[in-house]
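> turn this into a structure:
(chains A, B, C and D)
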4 protein chains.
Amino acid sequence: MHIGLIGLGRMGGNMRDRIRNAGHEVTGYDQNQEISDVATVPDLVAALPQAQRIVWVMVPAGEITDSVVTQVAAQLHAGDIIIDGGNSKFSDDTRRAAELAERGIGYVDAGVSGGVWGRENGYGLMVGGPDDTIATLMPIFDALRPEGPAEEGFVHAGPVGAGHYAKMVHNGIEYGVMQAYAEGYEILAARDDLIDDVGAIFTAWQRGTVVRSWLLELLVKALNEDPDLDEIRGFVADSGEGRWTVQEAVERAVPAPVISAALFARFDSRQDDSPAMKAVAALRQQFGGHATKAAADG
Amino acid sequence: MHIGLIGLGRMGGNMRDRIRNAGHEVTGYDQNQEISDVATVPDLVAALPQAQRIVWVMVPAGEITDSVVTQVAAQLHAGDIIIDGGNSKFSDDTRRAAELAERGIGYVDAGVSGGVWGRENGYGLMVGGPDDTIATLMPIFDALRPEGPAEEGFVHAGPVGAGHYAKMVHNGIEYGVMQAYAEGYEILAARDDLIDDVGAIFTAWQRGTVVRSWLLELLVKALNEDPDLDEIRGFVADSGEGRWTVQEAVERAVPAPVISAALFARFDSRQDDSPAMKAVAALRQQFGGHATKAAADG
Amino acid sequence: MHIGLIGLGRMGGNMRDRIRNAGHEVTGYDQNQEISDVATVPDLVAALPQAQRIVWVMVPAGEITDSVVTQVAAQLHAGDIIIDGGNSKFSDDTRRAAELAERGIGYVDAGVSGGVWGRENGYGLMVGGPDDTIATLMPIFDALRPEGPAEEGFVHAGPVGAGHYAKMVHNGIEYGVMQAYAEGYEILAARDDLIDDVGAIFTAWQRGTVVRSWLLELLVKALNEDPDLDEIRGFVADSGEGRWTVQEAVERAVPAPVISAALFARFDSRQDDSPAMKAVAALRQQFGGHATKAAADG
Amino acid sequence: MHIGLIGLGRMGGNMRDRIRNAGHEVTGYDQNQEISDVATVPDLVAALPQAQRIVWVMVPAGEITDSVVTQVAAQLHAGDIIIDGGNSKFSDDTRRAAELAERGIGYVDAGVSGGVWGRENGYGLMVGGPDDTIATLMPIFDALRPEGPAEEGFVHAGPVGAGHYAKMVHNGIEYGVMQAYAEGYEILAARDDLIDDVGAIFTAWQRGTVVRSWLLELLVKALNEDPDLDEIRGFVADSGEGRWTVQEAVERAVPAPVISAALFARFDSRQDDSPAMKAVAALRQQFGGHATKAAADG
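Below is the predicted model:
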């Protein structure tokens, strides 16, 4: 099989390698010409088998994805297929699929998990779209997914949007799981009078325990490299899926206290000073004459 | 009536004034001799009517209270009464009352709310102890509590410990209520593209709305003095009662998500960097190659 | 002044009374003909001063509001004004205002707080719209708002949408404040070995304390009527603003742990059984052989 | 080696098997005589090598553990060792160790994770105590821990108490991780219009994804057995460690929003009706005339 792949960053670049290693042909395009196989998107489309062009878009979510999909679609005709493998919002998929369907172009949304380890381990895949389009793409999905039973690393989750929906929830869970480990880390670290070596405890949790997981192994790796995490600041970005998970939970009246707490902890981590806590400090000063820290105290 | 009062800080000093204004006699002692009526605790006890000495202890909670109560009790005899008006833990009251009872000394725990405004407005009082001891002290409680129906500013909550228990829960609620306003403040402040003047909105909530309260009025006062709270840092102490409320809720299997969230927000506000969020940042770096902020970046 | 008022339910009916009591004329319409002043919306519009028709729409939020606004607007011409006083989402206001502006019809969004007590106490008002339109409507706002300084019960919060935005945040705060009292109530009620009478404690918090508020007074009223709340189930609806507040907080990266916890507690309260907790129970059974309750155990 | 083991329930019984399979001798005692090797605790002690008796206590935490430890200790002499492998509170360990030390009896606290799978997979072990005592016990720990590098399934966490402290935090993390998956489950299940088969998605997360873990595999197993969890109620017990984790976090001023939210969700799951939500419903009725559900509505 021969597909086009747009976006050759941390994810896309490794995916190109993994698909090629499986024996398929990939023509990749990236704004960075040094890693790009072709000079332009039209060049990429021109390089693909003309009977049915398949283009996997692997760029950050949001407006950029829309712009790239529009740009690619302009070069395609009926029967061709676009896959959005980025972290798009599931509701964007429905809109995009409808627009492309007017011109007969197929659309599949693919949630891709695994990070920088996917090249070697394979990527967990959650896809949404029509059965026949998914069937056409199976060789590529098989190349990308991990070794082992297909159903343990790949799922056709439902119609268009279902892939990104499943990936969104996956990431929401990921936020919660990471925060649970992180809180445990901080509680252990607070007791250096009792606990000899926090890293040794996480290390020992890798076999036999209830909390063993891949994320735990990564935390062990991080603690081995930097035992007190002195080299890193507690500043954590969020990329959209956590927010959408909470907003969707709210929309559906699903209680999501853990996932939302994990999300808010990230928001907190990025604030130099908290307007809310300024208000609480101001209130305490008003009723109790409690001393506050002047902003200038830093 | 004539009582002794130990501790003449922000709370005790104002209480002395209010009790005196009601026509009672108060002999006050404080480590700070400039504001103290007597030189020593024994002097204070000696100055009181010898038939029945009543000493109100108004010092910070914890070991200091125990030490002062012990010091005072050494000067007292059977039939005398000690009131602990500080923010002691309710379980300490039971212990203290039992110790004093062995020598026939009465003990009452009094939760006192109202902050620096209590001198003028009166103090909300929640007390615990035996009926007859409470009855003896009613003139003082009546002097301290606000004008209006007694039951709207004073409660005999139960046996020893019940007063501080009620005060503990009061403060737990206070944490939650303050945080609710604070979050609302931050959400409004985040939309300066839409909301002209956040302070004007809080001002307008003072009459007719569901959220009107004394704390709201204090926030309006604070925002009048410093419209963007530029002069204050979002650094908020906690004094024990919030922690005990959460610990007691956990002990009793009572879900307390709001009070605990408010408490944790205070903990967060005092951390220069969060060990937990360092761990989350480290995890993201491990699996996704996500950039982190070096500790040195500040 | 003479205005039209559509929707004469718990809120609208009382508002009609209050505006009339202030000396203005109100023509009210409701689907319920028994309380309606006119038979149809066109009749209502026909009854108003033809120079400038002012129609206040006071119906539940959502599609009904859109439908009523459309129906009213069809009867109006340039220079007339529609006020949406329901709990609409602020983003709907922008859209509606733009649509009406094409035909020269003015639009103001008004957040109205105060519940069934507003008729007597006045309503807290937060409005959004152009200065001149607001100025035209001031006599009505003055009739509705509580006695006292105007700025303590009324705010022109900003352009169209700002009124409902402020009301949304008001309700988000309300959720948090109510939940804080409620958690305190449950913690006190869990200690009937220590606390004699939970209602007496809330009663005593009405004067002098830091947590005194109008909501507290209402809780005292409820506890007087039903001391153990035996007559009421812990089943709590939510009407949209709490959800939007959380979604907006998430959108703006504002941590809102208290307001979201209060919202999730309401979601929880309405679930007969929790799918999430089924999953946790299933997990415990899998790893620990812990007994679960069969669904049939009820 | 030959040790005594008291408590042959789900955990103890399997541990006896695993230690025996490793070539050691175990004399087990249980109140249930059908599974017990000896009739009484004195019989058990008598059966052990008299030079140094080693008794592993594997009973539920709390008063029972204290009672069994006291009962065993009465049969031991200086140089013997007791291991508490239950889920005791770390602060109990310090007290017990001190009491036993007066008589020269050694004490080790062992946190044991792995549930019913430990017999086959081995148990994750976290132990606290003096180096030489731990060294003596290593053959037993090696028998119990999983295959693989020792440090990945066993840790000497620190002095007495450190083992149970680490296990406590382990379980706190476990609460948070389970709740994260559970919330994700409920969000997916809420969208049966989009998601074809929730179980298939969890199944597909087992390879390649960031959230893959042993708990995830167990959830897949549970969903295979009961795809909609129809056979199970969302009623979840808690066994102490989660509570202690939150209380300890509060004591140490460590924000633990995720672990506490997971704990509170369990509390919620066990309430037929929530006193707190009754209070919220009562408040809404008071200010808004909102309908409530009568308790009798069930």
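
> can you pull out the strands in the stretch 1-150 of chain A?
With strands called from DSSP state E, counting those that start in this stretch, the stretch 1-150 of chain A shows them at A:2-6, A:25-29, A:54-57, A:81-84, A:106-113, A:124-128.

> now the last one and strand A:106-113, what's the angle there?
Put plainly, it is strand A:124-128. 150 degrees (axes from the mean of the first three to the mean of the last three Cα atoms, to 10 degrees).

> which strands and helices sit next to strand A:124-128?
strand A:106-113, helix A:131-144, strand A:154-158, helix A:162-189, helix D:198-204 (3 or more Cβ pairs under 8 Å, 6 or more residues apart in numbering or on different chains; DSSP states H and E). Any C-beta I mention is one placed from the backbone N, CA and C, and that applies to glycine too.

> what number of residues lie near the residue nearest to A:Y165 when sequence neighbours are not counted?
Leaving aside its chain neighbours, A:Y165 sits nearest to A:F90 (4.1 Å; criterion: Cβ to Cβ, 6 or more residues apart in numbering or on different chains). A:F90: 24 surrounding residues under other Cβ atoms under 10 Å in any protein chain shown.

> show me what contacts A:F90?
A:D109, A:G128, A:G161, A:A162, A:H164, A:Y165, A:M168, A:W244, D:L194 (Cβ atoms under 8 Å, 6 or more residues apart in numbering or on different chains).

> check the nearest residue to A:G199 once chain neighbours are set aside and give its pLDDT.
Computed as Cβ to Cβ, 6+ apart, the closest residue to A:G199 that is not its neighbour in sequence is A:L223, at 3.8 Å. On pLDDT, A:L223 comes in at 98.

> contacts only, for A:L223.
By Cβ under 8 Å, 6+ apart, the contact list for A:L223 reads A:V198, A:G199, A:F202, A:T203, A:L229, B:A282.

> for the third one, give its distance to chain B.
Distance of A:F202 to chain B, computed by Cβ to the nearest Cβ, to the nearest Å: 10 Å.

> same deal with the fourth one?
Taking Cβ to the nearest Cβ as the criterion, A:T203 is separated from chain B by 14 Å.

> what does the first one give?
Look at A:V198 and chain B: by Cβ to the nearest Cβ, they are 9 Å apart.

> quick check: that residue touching A:E186?
No - assessed by Cβ atoms under 8 Å, A:V198 is found out of contact with A:E186, at 9.4 Å.

> so where's chain A shaky on pLDDT?
A:295-298 (pLDDT under 70).

> apply 90 and report the result again.
Applying pLDDT under 90 to chain A flags the ranges A:60-63, A:115, A:239, A:288-298.

> now the strands of the stretch 1-150 of chain A in TSV, with mean neighbour count?
Shown next, in TSV, are the strands of the stretch 1-150 of chain A (neighbours: other Cβ atoms under 10 Å in any protein chain shown):
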stretch	mean neighbour count
strand A:2-6	23
strand A:25-29	21
strand A:54-57	25
strand A:81-84	25
strand A:106-113	27
strand A:124-128	30
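
> export those strands to TSV and tack on distance to A:D43?
Shown next, in TSV, are the strands of the stretch 1-150 of chain A (distance: least, Cβ to Cβ, whole Å):
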stretch	distance to A:D43
strand A:2-6	10
strand A:25-29	8
strand A:54-57	12
strand A:81-84	17
strand A:106-113	22
strand A:124-128	27
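
> any idea which of those gets closest to B:T136?
Of all these, strand A:106-113 sits nearest to B:T136, with 70.4 Å by Cβ to Cβ.

> CA atoms only for the closest one - export them in PDB, please.
C-alpha atoms of strand A:106-113 as PDB (Å, rounded to 0.1, in the frame of the first residue of the first chain):
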ATOM      1  CA  GLY A 106     -14.000   9.500   2.500                       C
ATOM      2  CA  TYR A 107     -13.000  10.600   6.000                       C
ATOM      3  CA  VAL A 108     -11.800   8.600   9.000                       C
ATOM      4  CA  ASP A 109     -10.900  10.000  12.400                       C
ATOM      5  CA  ALA A 110      -8.100   8.100  14.200                       C
ATOM      6  CA  GLY A 111      -7.100   8.500  17.800                       C
ATOM      7  CA  VAL A 112      -3.400   7.500  18.100                       C
ATOM      8  CA  SER A 113      -1.800   6.800  21.500                       C
END
